[in-house]
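Chemist: using only what follows, build the 3D model:
(chains A and B)
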Amino acid sequence: MSWITIAWSMVASACLTVAALHLYLGLRRRSRSDLLFAAATVCAAAIGYLEMALMTSPSPERHAVLIRVVQLPFAMLILMLVLFVRSYLGAGRIWLGASAVAVRFLLLAVDLVVSPNVNYLRIDRVLAVPMPWGEAVHLAQGELRPWTRLGQLSSLIFVLFALDAIRTAWRRGDRHRAVVVGGSIAFAIGLGATHSALLMQGTIRSPSLISVAYLAIVAAMSYQLTSDSLRSSQLSRQLDASEAALGESERRMALAAEAADVGVWLYDIARDEIWINEIIRGRRGWTEERVPLARFLAGVHPEDRDGLRAALEDATRTAGRFEREYRLARADGGSRWVSSRGRAEALEGRGVVLRGAALDVTRRKEAELEAARRRDELAHLSRVTLLGELSGSLAHELNQPLTAILSNAQAAQRFLEEGAGRIPDVRAILADIVAEDRHAGEVIRRHRLLLRKGEVRLEPLDMSETVGEVLSLVRSDLLRSGVVATAELPAGLPAALGDRVQIQQVILNLITNACDAVGSAGPADRRIAVRAAADDGAGVRVSVSDRGTGIPAEAADRLFEPFFTTKPDGMGLGLAVCRSIISAHGGRLWASANPDRGATFCFTLPTIETAP
Amino acid sequence: MTPRETVFLVDDDPAVLKSLSRLLDSAGFQPRPFGSPDAFLEAFDPAAAGCVVLDLSMPGRDGLELQEALARRGSELPVIFLTGRGDVPQSVRAMKRGAVDFLSKPVDDEVLLAAIREALGRDRERREGREERAAILERLETLTERERQVLDGVAEGRLNKQIGGTLGIAEKTVKVHRGRAMEKMKAGSVAELVRMLERAGVRR
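Modeler: Numbers count the residues shown, from 1 in each chain, chains lettered A, B, ... in the order given. Sure thing, here's the model as predicted:
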């Protein structure tokens, strides 16, 4: 057996083995690239056998036939390689690949009709070229057809196609595969085609190398396959490990969620579905793992539903965080409070999802509501107590207008008996009666407002006006106790934000405290001063100063504590309630000693501009 | 038409002051309103006739203090108090100091006017008594020493003879002095004479 037979048989066998491998992989992996590569490699094997036959045959007739036959596997090889590059690298301009294939198939068609074949016009003889290692290689010699140029053009276009594919894949970041696979293809076809062209022209005399050159591609692909399989086994080991860890961490999470009674949810925006864990399913009495958003929202208290939906949409739109407290309406008519928070997350292959956790906060919420209710109750109670102390003032305040009304009316009756001459007096009297009646109504309204029990309602307040109303409430009490009140209530203060009733309660409390403080002082010191002013930092400030006994040192720290009092008949709630009211408004209430005599109580309220 | 009698009104509430003024006007009195005790004291004339209607609780000086201030200035004007609340200790104090009445606001016209009429009556009486006493004292001044001694004896209900004995003069002389004294005093009878001396407070 000659060495050519041995070497080229080995090349062809190697190609066939690799082809079989990739055929198997292609079928197993359903991979088009592997199947195409298998087909291309079968073509290369066929070319190898034909090359071997050519090199060992001395007969020109046989050469003519073999050269004609080799056009078919070569054309198929080019076709398969173009398809393979497109499939494997996902690159390469289609029109380049198609041109290379079209030219090659044109030559194949020509090859079927011309004689002896597409390369030769005629084969004159077969030259036996002696090789250094002994055995000669047989090469055909004769006149070449111009078509051969077209074959070389096809090969050139194919090389360009391969280079272009390499460039695209390189830019895309797929550098390794581009260089190894693409490069080997361009090299093999470029080398094979150039060598065979030189061989045909007789420039060199050597064995035919197309199938040998193809070995470069086989090597590159085998290398790629090996490193792929290495990597995949590595990945599979890592996957196993991380899956185990994931399972463990999932189990821990589930356990923690169950122990802490935390509901876990995931809102799949694309599907408009919510995945919920065991806890939430239990809460809702559901068995499904995923429910449509509409069904999820249907169980939410109607008053909270729109707010929750808006918050979800908001978090989705801004890809931000989500936080909401809402009530779940239960079948038994009761409701549970749920606090839910989460954030938007981009999941590969599923778009954006919202993932979060939900806690049952019913107990906390009920405690909060209860505390707020108690605070309101206490504020109301202390207001009622305060007003009880002022009840004399109400009687007096009403007595004045009632006196004026009665005397006016009785004067009018007398004037009318006197005759028509006094009609103008009667008219003036009636106007005064109307005004006095309104005044009495206003007195009652002010008292009733203060006794009102209800929701805190924030509104813009002119503090000068608000303080002025309180001063008119306590006017007769000041009178009775002989206290002179001076007021500095400038017009045009920035509007403070507050609940009128509660703020008036605080002012009323501070003024009655001040009156009590000066109660035992001499007539000259029975004075209090009430001021409202704009405060640069805090908005609006109201202060009540007295010239009383001041704050005892041991009381200073405890002044605002509930049930602390320095008065013999005090409950000790006034200032504590005042402070809680002012704090709830975002303001501050404090006391300080005056430099000469007495104390000053101040509070601030945020204005509409400074309110958070 | 008789001149209207003056009623002084003191109240710090302008509306009340105005309505009370109108009421008094409609009832035929001459109201003189004052918005504060100090304004009233400033304009006060101790010789003025009439009465005062005072609001009990006013800033600065209250009604009771004003009543005291008036007394210190020698005023005998009768005072009626008006008050917003029925304050028993204060009313007792006011009445003790000679207040005519202590009325609660709102006050009915008939009640207030009756109190005012009563106060004005007292004022009138007081005034008339003072004039009568002045006249009697004036007449007493015209008597001679002897005539006065005889008159005293008559007023004591002694007989002419007894008087003459005491004074060391004849009964007839006593009779002459007595007749002249009774004439000077414009007394028609002994009983009338005794009443006159009592009114003038000179009866020994």
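Chemist: going by C-alpha atoms from here, please, whenever you check contacts or count neighbours.
Modeler: Fine.
Chemist: determine the longest helix present in chain B.
Modeler: Longest helix in chain B by number of residues (criterion: DSSP state H): helix B:109-142.
Chemist: near chain A, which residues of chain B are found?
Modeler: B:13, B:15-20, B:22-27, B:57-60, B:84-85, B:105-109 (Cα under 8 Å from any Cα of the partner chain).
Chemist: just the buried ones out of the residues you listed, please.
Modeler: Neighbour-count burial (16 or more other Cα atoms under 10 Å in any protein chain shown) applied to those gives B:13, B:15-20, B:22-27, B:57-59, B:84-85, B:105-107, B:109.
Chemist: which of those fall in helices?
Modeler: Applying DSSP H to these, the entries found in helices are B:15-20, B:22-26, B:109.
Chemist: need these in a markdown table with pLDDT, can you?
Modeler: Putting these into a markdown table (pLDDT from 0 to 100) gives the following:
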| residue | pLDDT |
| --- | --- |
| B:15 | 90 |
| B:16 | 91 |
| B:17 | 92 |
| B:18 | 92 |
| B:19 | 93 |
| B:20 | 93 |
| B:22 | 92 |
| B:23 | 92 |
| B:24 | 92 |
| B:25 | 91 |
| B:26 | 90 |
| B:109 | 88 |
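Chemist: residue ranges in the stretch 1-150 of chain A under the pLDDT threshold?
Modeler: A:1 (pLDDT under 70).
Chemist: next: chain B.
Modeler: Within chain B, the stretches with pLDDT under 70 are B:1-2, B:59-60, B:85-88, B:203-204.
Chemist: ok, now which residue in it is the farthest from the centroid?
Modeler: Within chain B, residue B:170 marks the point farthest from the mean C-alpha position, 43.4 Å out by Cα atoms, centre = their mean.
Chemist: hang on, that one packs against residue B:162?
Modeler: No: counting by Cα atoms under 8 Å, residue B:170 stays clear of residue B:162, with 10.1 Å between them.
Chemist: just confirm residue A:444 is within a helix.
Modeler: Yes: under DSSP: H, G, I helix; E, B strand; the rest coil, residue A:444 sits within a helix.
Chemist: what angle do the longest helix of chain B and helix B:14-26 make?
Modeler: Computed by axes from the mean of the first three to the mean of the last three Cα atoms, to 10 degrees, the angle separating helix B:109-142 from helix B:14-26 equals 60 degrees.
Chemist: so what does helix B:109-142 touch, helix or strand wise?
Modeler: For helix B:109-142, the packing partners by 3 or more Cα pairs under 8 Å, 6 or more residues apart in numbering or on different chains; DSSP states H and E come out as strand B:51-55, strand B:79-83, helix B:190-200.
Chemist: where does residue A:205 sit: helix, strand or coil?
Modeler: With three-state DSSP as the basis, the three-state label of residue A:205 is coil.
Chemist: show me what from the stretch 451-600 of chain A comes close to chain B.
Modeler: Proximity of the stretch 451-600 of chain A to chain B, by Cα under 8 Å from any Cα, involves residues A:479-480, A:482.
Chemist: who's residue A:539 bridged to?
Modeler: Per DSSP bridges, the residues bridged to residue A:539 are residue A:535.
Chemist: so who does it touch?
Modeler: Applying Cα atoms under 8 Å, 6 or more residues apart in numbering or on different chains, we find residue A:539 in contact with A:494, A:496, A:604-607, A:610.
Chemist: in strands, which of those residues appear?
Modeler: In strands, judged by DSSP state E, the following of the contacts of residue A:539 are found: A:496, A:604-605.
Chemist: quick one: which of those is nearest chain B?
Modeler: residue A:604 (31.1 Å; Cα to the nearest Cα).
Chemist: in the stretch 501-612 of chain A, which residue sits nearest chain B?
Modeler: Closest to chain B within the stretch 501-612 of chain A is residue A:523: 9.4 Å, counting by Cα to the nearest Cα.
Chemist: what's the pLDDT at the residue lying closest to that residue once chain neighbours are set aside?
Modeler: Spatial nearest neighbour of residue A:523, chain neighbours left out: residue A:482 (7.5 Å); criterion: Cα to Cα, 6 or more residues apart in numbering or on different chains. Here the pLDDT value assigned to residue A:482 is 79.
Chemist: before we move on, what about residue A:295?
Modeler: Residue A:295 is assigned 85 on the pLDDT scale.
Chemist: same check, this time on residue A:528
Modeler: Residue A:528 is given a pLDDT of 90.
Chemist: ok but it is inside a helix, no?
Modeler: No: under three-state DSSP, residue A:528 sits outside any helix and is assigned strand.
Chemist: so what's the closest residue to it other than its chain neighbours up against?
Modeler: Nearest non-adjacent residue to residue A:528, counting by Cα to Cα, 6+ apart: residue A:546, 4.4 Å away. Residue A:546 sits next to A:514-515, A:517-518, A:527-529, A:597-600 when contact means Cα under 8 Å, 6+ apart.
Chemist: how close does the residue positioned nearest the centre of chain B get to residue B:140?
Modeler: Per Cα atoms, centre = their mean, the C-alpha nearest to the average position across chain B is that of residue B:126, at 2.1 Å. From residue B:126 over to residue B:140 the distance is 21 Å, taken as Cα to Cα, to the nearest Å.
Chemist: residues contacting the helix or strand hosting residue A:502, please?
Modeler: Per DSSP states H and E, residue A:502 falls inside helix A:500-518. With Cα under 8 Å, 6+ apart as the test, helix A:500-518 has contacts from A:379, A:383, A:386, A:449-450, A:452, A:457-459, A:461, A:466-467, A:470, A:474, A:478, A:481, A:483, A:525-528, A:544-550, A:574-575, A:578, A:581-582, A:601.
Chemist: taking those one by one, which sit in strands?
Modeler: A:459, A:461, A:527-528, A:544-546, A:601.
Chemist: mind listing the helices in the stretch 201-350 of chain A by residue range?
Modeler: Along the stretch 201-350 of chain A, the stretches classed as helices by DSSP state H, counting those that start in this stretch are A:210-260, A:278-284, A:293-298, A:302-318.
Chemist: ok, which of these comes nearest chain B?
Modeler: Closest approach to chain B among these is made by helix A:302-318 (52.2 Å; Cα to the nearest Cα).
Chemist: what sits against residue A:352?
Modeler: Listed by Cα under 8 Å, 6+ apart, the contact partners of residue A:352 are A:268-270, A:316, A:319, A:344-346.
Chemist: my error: substitute residue B:101 in the last question.
Modeler: Residue B:101 touches B:79-81, B:95, B:115, counting by Cα under 8 Å, 6+ apart.
Chemist: coming back round to it: helices and strands around whichever helix or strand comes after the longest helix of chain B, which ones?
Modeler: Past helix B:109-142, further along toward the C-terminus, the next helix or strand under DSSP H and E is helix B:145-155. If you count contacts as 3+ Cα pairs under 8 Å, 6+ apart, helix B:145-155 packs onto helix B:160-167, helix B:171-184, helix B:190-200.
Chemist: specify the angle between the last one and helix B:109-142 in degrees.
Modeler: Pointing back at helix B:190-200 there. With the same axes, to 10 degrees applied, the angle from helix B:190-200 to helix B:109-142 works out at 110 degrees.
Chemist: over to the first one?
Modeler: When the same axes, to 10 degrees is applied, the directions of helix B:160-167 and helix B:109-142 differ by 60 degrees.
Chemist: buried set for helix B:160-167?
Modeler: For helix B:160-167, by 16+ other Cα under 10 Å, it's B:160, B:163-164.
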